[in-house]
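Engineer: my questions concern the predicted model and sequence given below.
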Amino acid sequence: MKKTLIKRILAAALCGLTAAAAAGCGSVKGSAIAFNENGEKKLSVVCTGFSEYDWTKNILGEKAADTELTYLLDNGVDMHSYQPTAADIAKISTCDVFVYVGGESQEWAEDALANSTCRPVRLLDVLEKNGSAKEEEIKEGMQAEEECEEEGAPEYDEHVWLTPGNAEIFVRAICDELAAADPAGKDVYTKAADDYIVQLDGLKADFTAELSACPNKTLIVADRFPFRYLADEYGLDYYAAFAGCSAETEASFETVAFLSQKLDETDAKTVFTLENSNGKIAAAVIANSKEKSAGTAALDSLQSVNSTQINNGASYISIMRKNLEALKTALK
Ligand SMILES: [Zn+2]
(Lines give C-alpha, C1' and ligand atoms only; values in the text may rest on other atoms or scores of the structure.)
Protein backbone atom coordinates (compact mmCIF):
# COMPACT_ATOMS: atom_id res chain seq x y z
CA MET A 1 0.00 0.00 0.00
CA LYS A 2 2.68 2.41 1.13
CA LYS A 3 4.92 1.75 -1.87
CA THR A 4 2.23 2.59 -4.42
CA LEU A 5 1.44 5.77 -2.55
CA ILE A 6 5.10 6.84 -2.50
CA LYS A 7 5.48 6.10 -6.22
CA ARG A 8 2.46 8.28 -6.94
CA ILE A 9 3.82 11.11 -4.79
CA LEU A 10 7.21 10.75 -6.45
CA ALA A 11 5.71 10.85 -9.94
CA ALA A 12 3.69 13.92 -9.02
CA ALA A 13 6.77 15.62 -7.54
CA LEU A 14 8.89 14.92 -10.61
CA CYS A 15 6.09 16.06 -12.94
CA GLY A 16 5.90 19.27 -10.96
CA LEU A 17 9.63 19.84 -11.35
CA THR A 18 9.56 19.13 -15.09
CA ALA A 19 6.55 21.37 -15.65
CA ALA A 20 8.16 24.20 -13.69
CA ALA A 21 11.42 23.79 -15.60
CA ALA A 22 9.58 23.79 -18.94
CA ALA A 23 7.77 26.96 -17.95
CA GLY A 24 11.15 28.53 -17.21
CA CYS A 25 10.18 29.11 -13.64
CA GLY A 26 13.17 30.26 -11.59
CA SER A 27 12.08 29.13 -8.16
CA VAL A 28 10.49 25.74 -7.89
CA LYS A 29 8.16 25.41 -4.93
CA GLY A 30 9.26 22.53 -2.77
CA SER A 31 12.72 22.34 -4.29
CA ALA A 32 15.67 22.35 -1.90
CA ILE A 33 17.96 24.40 -4.11
CA ALA A 34 19.23 27.41 -2.21
CA PHE A 35 22.01 29.79 -3.17
CA ASN A 36 24.57 31.69 -1.13
CA GLU A 37 25.32 35.40 -1.60
CA ASN A 38 27.83 34.62 -4.40
CA GLY A 39 25.08 32.86 -6.34
CA GLU A 40 26.60 29.41 -5.76
CA LYS A 41 24.39 26.50 -4.91
CA LYS A 42 24.49 25.79 -1.18
CA LEU A 43 25.32 22.31 0.04
CA SER A 44 21.95 20.71 0.77
CA VAL A 45 21.59 18.17 3.58
CA VAL A 46 18.29 16.52 4.50
CA CYS A 47 17.86 14.63 7.79
CA THR A 48 14.77 12.64 8.76
CA GLY A 49 14.98 12.57 12.57
CA PHE A 50 15.93 15.14 15.19
CA SER A 51 19.08 13.34 16.35
CA GLU A 52 20.60 13.20 12.84
CA TYR A 53 19.64 16.83 12.32
CA ASP A 54 21.25 18.00 15.56
CA TRP A 55 24.44 15.97 15.00
CA THR A 56 24.74 17.35 11.44
CA LYS A 57 24.22 20.91 12.66
CA ASN A 58 27.14 20.41 15.03
CA ILE A 59 29.38 18.85 12.35
CA LEU A 60 28.74 21.69 9.89
CA GLY A 61 30.42 24.09 12.34
CA GLU A 62 31.25 27.41 10.72
CA LYS A 63 29.99 26.11 7.35
CA ALA A 64 26.42 26.04 8.68
CA ALA A 65 25.58 29.35 7.01
CA ASP A 66 26.67 27.93 3.62
CA THR A 67 24.44 24.91 4.02
CA GLU A 68 20.75 24.29 3.50
CA LEU A 69 20.02 21.89 6.38
CA THR A 70 16.53 20.39 6.53
CA TYR A 71 14.89 18.47 9.38
CA LEU A 72 11.97 16.67 7.73
CA LEU A 73 9.95 15.86 10.85
CA ASP A 74 10.16 19.34 12.39
CA ASN A 75 6.43 19.63 13.06
CA GLY A 76 6.85 16.97 15.75
CA VAL A 77 4.99 14.17 13.98
CA ASP A 78 6.14 10.82 15.37
CA MET A 79 8.58 8.98 13.10
CA HIS A 80 6.16 6.02 12.96
CA SER A 81 3.26 8.05 11.57
CA TYR A 82 5.23 10.31 9.22
CA GLN A 83 4.51 10.16 5.49
CA PRO A 84 6.60 12.30 3.11
CA THR A 85 4.89 15.08 1.19
CA ALA A 86 5.62 15.77 -2.48
CA ALA A 87 7.81 18.66 -1.35
CA ASP A 88 9.77 16.33 0.97
CA ILE A 89 10.35 13.87 -1.88
CA ALA A 90 11.48 16.72 -4.14
CA LYS A 91 13.90 17.85 -1.44
CA ILE A 92 15.41 14.39 -1.13
CA SER A 93 15.77 14.06 -4.89
CA THR A 94 17.74 17.31 -5.17
CA CYS A 95 19.85 17.25 -1.98
CA ASP A 96 23.55 16.42 -1.70
CA VAL A 97 23.48 14.31 1.48
CA PHE A 98 20.48 12.48 2.95
CA VAL A 99 20.73 11.15 6.51
CA TYR A 100 18.07 8.65 7.61
CA VAL A 101 17.63 5.66 9.88
CA GLY A 102 16.34 3.21 7.28
CA GLY A 103 14.32 1.00 9.62
CA GLU A 104 10.83 -0.40 9.30
CA SER A 105 9.13 2.99 9.68
CA GLN A 106 11.27 4.52 6.90
CA GLU A 107 10.73 2.07 4.08
CA TRP A 108 9.42 5.05 2.08
CA ALA A 109 12.97 6.44 1.95
CA GLU A 110 14.23 3.78 -0.46
CA ASP A 111 11.67 4.85 -3.08
CA ALA A 112 12.47 8.50 -2.50
CA LEU A 113 16.17 7.71 -3.04
CA ALA A 114 15.59 5.81 -6.27
CA ASN A 115 15.53 9.07 -8.22
CA SER A 116 18.15 10.96 -6.22
CA THR A 117 21.86 11.35 -6.91
CA CYS A 118 22.55 12.33 -3.29
CA ARG A 119 24.94 10.57 -0.92
CA PRO A 120 22.76 8.58 1.49
CA VAL A 121 23.83 7.89 5.07
CA ARG A 122 21.65 5.04 6.34
CA LEU A 123 22.28 4.75 10.06
CA LEU A 124 21.35 1.06 10.20
CA ASP A 125 23.95 0.33 7.49
CA VAL A 126 26.58 2.20 9.48
CA LEU A 127 25.84 0.06 12.56
CA GLU A 128 25.66 -3.13 10.53
CA LYS A 129 29.13 -2.50 9.05
CA ASN A 130 30.34 -1.82 12.56
CA GLY A 131 28.85 -5.12 13.75
CA SER A 132 26.70 -3.46 16.41
CA ALA A 133 23.20 -3.47 14.89
CA LYS A 134 20.72 -5.28 17.13
CA GLU A 135 17.68 -7.25 16.12
CA GLU A 136 14.31 -6.23 17.47
CA GLU A 137 13.55 -7.88 20.78
CA ILE A 138 10.13 -9.06 21.87
CA LYS A 139 10.38 -9.50 25.61
CA GLU A 140 8.27 -11.40 28.10
CA GLY A 141 5.05 -9.51 28.85
CA MET A 142 5.09 -7.32 25.71
CA GLN A 143 1.71 -7.09 24.10
CA ALA A 144 1.82 -8.48 20.54
CA GLU A 145 0.43 -6.38 17.71
CA GLU A 146 -2.87 -7.43 16.17
CA GLU A 147 -1.47 -7.30 12.67
CA CYS A 148 0.61 -10.40 11.87
CA GLU A 149 4.31 -9.83 11.38
CA GLU A 150 5.56 -10.45 7.86
CA GLU A 151 7.50 -13.68 7.42
CA GLY A 152 11.17 -13.35 6.59
CA ALA A 153 14.43 -12.12 8.05
CA PRO A 154 14.23 -10.63 11.54
CA GLU A 155 14.28 -6.85 11.52
CA TYR A 156 16.84 -4.65 13.16
CA ASP A 157 15.75 -2.40 16.01
CA GLU A 158 15.57 1.00 14.33
CA HIS A 159 15.91 3.17 17.45
CA VAL A 160 19.66 3.34 16.99
CA TRP A 161 20.19 6.96 18.07
CA LEU A 162 19.31 6.44 21.73
CA THR A 163 22.76 5.82 23.10
CA PRO A 164 25.77 8.20 23.08
CA GLY A 165 28.12 5.42 21.92
CA ASN A 166 26.15 4.98 18.70
CA ALA A 167 25.90 8.77 18.30
CA GLU A 168 29.71 8.96 18.07
CA ILE A 169 29.79 6.30 15.33
CA PHE A 170 27.12 8.19 13.37
CA VAL A 171 28.84 11.56 13.75
CA ARG A 172 31.99 10.10 12.10
CA ALA A 173 29.94 8.57 9.27
CA ILE A 174 28.00 11.79 8.58
CA CYS A 175 31.24 13.80 8.70
CA ASP A 176 32.80 11.51 6.06
CA GLU A 177 29.86 11.96 3.68
CA LEU A 178 29.77 15.74 4.13
CA ALA A 179 33.49 15.85 3.34
CA ALA A 180 32.97 13.66 0.26
CA ALA A 181 30.13 15.90 -0.97
CA ASP A 182 32.09 19.09 -0.24
CA PRO A 183 35.85 18.36 -0.16
CA ALA A 184 36.65 22.06 0.38
CA GLY A 185 34.89 21.88 3.75
CA LYS A 186 36.61 18.72 4.95
CA ASP A 187 38.86 20.39 7.54
CA VAL A 188 35.98 22.40 9.00
CA TYR A 189 33.75 19.31 9.31
CA THR A 190 36.49 17.17 10.80
CA LYS A 191 37.42 19.77 13.41
CA ALA A 192 33.77 20.40 14.37
CA ALA A 193 33.04 16.66 14.54
CA ASP A 194 36.08 16.15 16.80
CA ASP A 195 34.90 18.93 19.13
CA TYR A 196 31.37 17.53 19.23
CA ILE A 197 32.63 14.01 19.95
CA VAL A 198 34.42 15.40 23.02
CA GLN A 199 30.97 16.52 24.26
CA LEU A 200 29.46 13.11 23.43
CA ASP A 201 32.34 11.47 25.30
CA GLY A 202 31.37 13.54 28.35
CA LEU A 203 27.76 12.41 28.03
CA LYS A 204 28.85 8.79 27.64
CA ALA A 205 31.09 8.97 30.71
CA ASP A 206 28.26 10.44 32.79
CA PHE A 207 25.85 7.69 31.71
CA THR A 208 28.42 5.06 32.65
CA ALA A 209 29.28 6.60 36.02
CA GLU A 210 25.74 7.49 37.09
CA LEU A 211 24.02 4.30 35.98
CA SER A 212 26.67 1.95 37.34
CA ALA A 213 26.18 3.65 40.73
CA CYS A 214 22.42 2.90 40.70
CA PRO A 215 21.52 -0.18 42.78
CA ASN A 216 18.30 -0.88 40.89
CA LYS A 217 18.72 -1.96 37.24
CA THR A 218 15.17 -2.69 36.08
CA LEU A 219 12.91 -0.29 34.18
CA ILE A 220 9.14 -0.68 34.22
CA VAL A 221 7.82 1.02 31.08
CA ALA A 222 4.06 1.43 30.58
CA ASP A 223 4.53 2.34 26.92
CA ARG A 224 6.50 1.38 23.81
CA PHE A 225 10.15 0.49 24.45
CA PRO A 226 12.60 2.01 21.96
CA PHE A 227 15.55 2.04 24.42
CA ARG A 228 17.06 -1.36 23.76
CA TYR A 229 20.45 0.01 22.67
CA LEU A 230 20.63 2.14 25.81
CA ALA A 231 19.54 -0.71 28.11
CA ASP A 232 22.09 -3.10 26.61
CA GLU A 233 24.93 -0.59 26.74
CA TYR A 234 24.39 0.20 30.42
CA GLY A 235 23.33 -3.21 31.72
CA LEU A 236 19.70 -2.29 32.41
CA ASP A 237 16.85 -4.78 32.34
CA TYR A 238 13.30 -3.77 31.42
CA TYR A 239 9.67 -4.80 31.19
CA ALA A 240 7.48 -2.84 28.78
CA ALA A 241 3.92 -2.81 27.48
CA PHE A 242 4.79 -2.79 23.76
CA ALA A 243 7.77 -3.25 21.41
CA GLY A 244 9.55 -0.10 20.17
CA CYS A 245 7.66 0.27 16.88
CA SER A 246 4.30 -1.03 18.06
CA ALA A 247 1.23 0.88 16.92
CA GLU A 248 -0.73 -0.32 19.95
CA THR A 249 -1.86 2.33 22.41
CA GLU A 250 -4.37 0.40 24.51
CA ALA A 251 -2.94 -2.08 26.97
CA SER A 252 -4.89 -5.26 27.72
CA PHE A 253 -5.73 -6.26 31.28
CA GLU A 254 -3.02 -8.96 31.09
CA THR A 255 -0.38 -6.42 30.05
CA VAL A 256 -1.28 -4.07 32.91
CA ALA A 257 -1.39 -6.95 35.41
CA PHE A 258 2.01 -8.23 34.24
CA LEU A 259 3.64 -4.80 34.66
CA SER A 260 1.99 -4.30 38.09
CA GLN A 261 3.39 -7.66 39.20
CA LYS A 262 6.88 -6.69 37.97
CA LEU A 263 6.54 -3.37 39.79
CA ASP A 264 5.81 -5.30 43.03
CA GLU A 265 8.61 -7.85 42.45
CA THR A 266 11.34 -5.36 41.60
CA ASP A 267 10.27 -2.81 44.17
CA ALA A 268 10.71 -0.09 41.53
CA LYS A 269 9.55 3.36 42.61
CA THR A 270 8.89 4.74 39.13
CA VAL A 271 6.83 3.70 36.13
CA PHE A 272 8.16 5.18 32.90
CA THR A 273 6.28 6.46 29.86
CA LEU A 274 7.54 8.01 26.62
CA GLU A 275 7.29 11.73 25.90
CA ASN A 276 3.76 12.92 25.06
CA SER A 277 2.11 9.99 26.86
CA ASN A 278 -1.35 10.53 28.36
CA GLY A 279 -0.18 8.43 31.32
CA LYS A 280 -3.25 6.18 31.38
CA ILE A 281 -1.42 2.86 31.20
CA ALA A 282 1.11 3.95 33.82
CA ALA A 283 -1.73 5.02 36.14
CA ALA A 284 -3.44 1.64 35.67
CA VAL A 285 -0.18 -0.23 36.38
CA ILE A 286 0.33 1.71 39.62
CA ALA A 287 -3.34 1.32 40.67
CA ASN A 288 -3.01 -2.46 40.24
CA SER A 289 0.22 -2.74 42.23
CA LYS A 290 0.28 -3.67 45.92
CA GLU A 291 1.77 -0.45 47.27
CA LYS A 292 0.16 1.94 44.77
CA SER A 293 2.84 4.45 45.70
CA ALA A 294 5.10 4.48 42.61
CA GLY A 295 5.51 7.73 40.71
CA THR A 296 5.80 8.27 36.96
CA ALA A 297 8.51 9.80 34.80
CA ALA A 298 8.95 10.31 31.06
CA LEU A 299 11.85 9.16 28.95
CA ASP A 300 12.22 11.16 25.74
CA SER A 301 12.81 8.93 22.71
CA LEU A 302 13.68 11.96 20.51
CA GLN A 303 11.13 10.81 17.94
CA SER A 304 8.86 13.84 18.07
CA VAL A 305 11.02 16.90 18.75
CA ASN A 306 9.43 19.93 17.07
CA SER A 307 10.75 23.28 15.87
CA THR A 308 9.43 25.11 18.97
CA GLN A 309 11.54 22.88 21.20
CA ILE A 310 14.54 23.46 18.92
CA ASN A 311 14.05 27.23 19.10
CA ASN A 312 13.98 26.85 22.88
CA GLY A 313 17.40 25.21 22.77
CA ALA A 314 16.60 21.48 22.73
CA SER A 315 19.59 19.43 21.60
CA TYR A 316 20.46 15.74 21.43
CA ILE A 317 22.78 16.18 24.40
CA SER A 318 20.32 18.22 26.51
CA ILE A 319 17.50 15.70 26.00
CA MET A 320 19.76 12.72 26.70
CA ARG A 321 20.92 14.46 29.88
CA LYS A 322 17.28 14.83 30.97
CA ASN A 323 16.83 11.11 30.30
CA LEU A 324 19.88 10.37 32.44
CA GLU A 325 18.44 12.47 35.29
CA ALA A 326 15.10 10.60 35.07
CA LEU A 327 16.86 7.22 35.08
CA LYS A 328 19.12 8.17 37.97
CA THR A 329 16.21 9.37 40.09
CA ALA A 330 14.19 6.23 39.38
CA LEU A 331 16.96 3.67 39.85
CA LYS A 332 18.67 5.00 42.97
ZN1 LIG B 1 10.24 2.42 15.65
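Structural biologist: Arrived safely, thanks for sending.
Engineer: pLDDT weak spots in the stretch 151-300 of the chain?
Structural biologist: 151-154 (pLDDT under 70).
Engineer: separation between L299 and the ion?
Structural biologist: 14 Å (C-beta to the ion, to the nearest Å). C-beta: built from backbone N, CA, C; applies to glycine.
Engineer: wait, I meant V126
Structural biologist: 17 Å.
Engineer: which ones are touching the residue of the chain found nearest the ion?
Structural biologist: Going by C-beta to the ion, the ion is nearest to C245 of the chain, at 3.3 Å. By C-beta atoms under 8 Å, 6 or more residues apart in numbering, the contact list for C245 reads H80, G103, E104, S105, E136, E158, R224, P226.
Engineer: again with E140
Structural biologist: Y239 are the contacts of E140 under C-beta under 8 Å, 6+ apart.
Engineer: and it, how far is that from D182?
Structural biologist: 49 Å (C-beta to C-beta, to the nearest Å).
Engineer: the contacts of C245 also near the ion: which ones?
Structural biologist: E158 (C-beta under 5 Å from the ion).
Engineer: quick one: which of the contacts of C245 is most hemmed in?
Structural biologist: Tallying neighbours with other C-beta atoms under 10 Å puts P226 at the head of these, with 27 neighbours.
Engineer: returning to what we had before: give the helix, strand or coil label for the residue of the chain closest to the ion.
Structural biologist: C245 falls in the coil class when you classify it by DSSP: H, G, I helix; E, B strand; the rest coil.
Engineer: ok, V160 next?
Structural biologist: Once three-state DSSP is applied, V160 turns out coil.
Engineer: I'd guessed it sits against L124; true?
Structural biologist: Yes. Using C-beta atoms under 8 Å, V160 makes contact with L124 at a distance of 6.4 Å.
Engineer: shared neighbours of these two, anything?
Structural biologist: With C-beta under 8 Å, 6+ apart as the test, V160 and L124 both reach V101, G103, A133.
Engineer: flag the least confident of those.
Structural biologist: Least confident entry in these, by pLDDT: G103, with 91.
Engineer: ok, and the closest non-adjacent residue to that one?
Structural biologist: Closest residue to G103 apart from its sequence neighbours, by C-beta to C-beta, 6 or more residues apart in numbering: E158 at 2.3 Å.
Engineer: what sits against the one you found?
Structural biologist: Neighbours of E158 in contact, by C-beta under 8 Å, 6+ apart: V101, G102, G103, E104, S105, Q106, L124, G244, C245.
Engineer: 10 Å - rerun?
Structural biologist: 49, 79-80, 101-106, 123-124, 133, 136, 226, 244-245 (C-beta atoms under 10 Å, 6 or more residues apart in numbering).
Engineer: cool, and M320?
Structural biologist: Taking C-beta under 10 Å, 6+ apart, one finds 51, 161-164, 167, 200, 203-204, 206-207, 230, 300, 302 in contact with M320.
Engineer: out of the contacts of E158, which sit inside helices?
Structural biologist: L123, L124 (DSSP state H).
Engineer: so which helix or strand takes in the closest residue in space to W161 that isn't next to it in sequence?
Structural biologist: Using C-beta to C-beta, 6+ apart and skipping residues adjacent in sequence, the residue nearest W161 is S51, 3.8 Å away. Using DSSP states H and E, S51 falls within helix 50-60.
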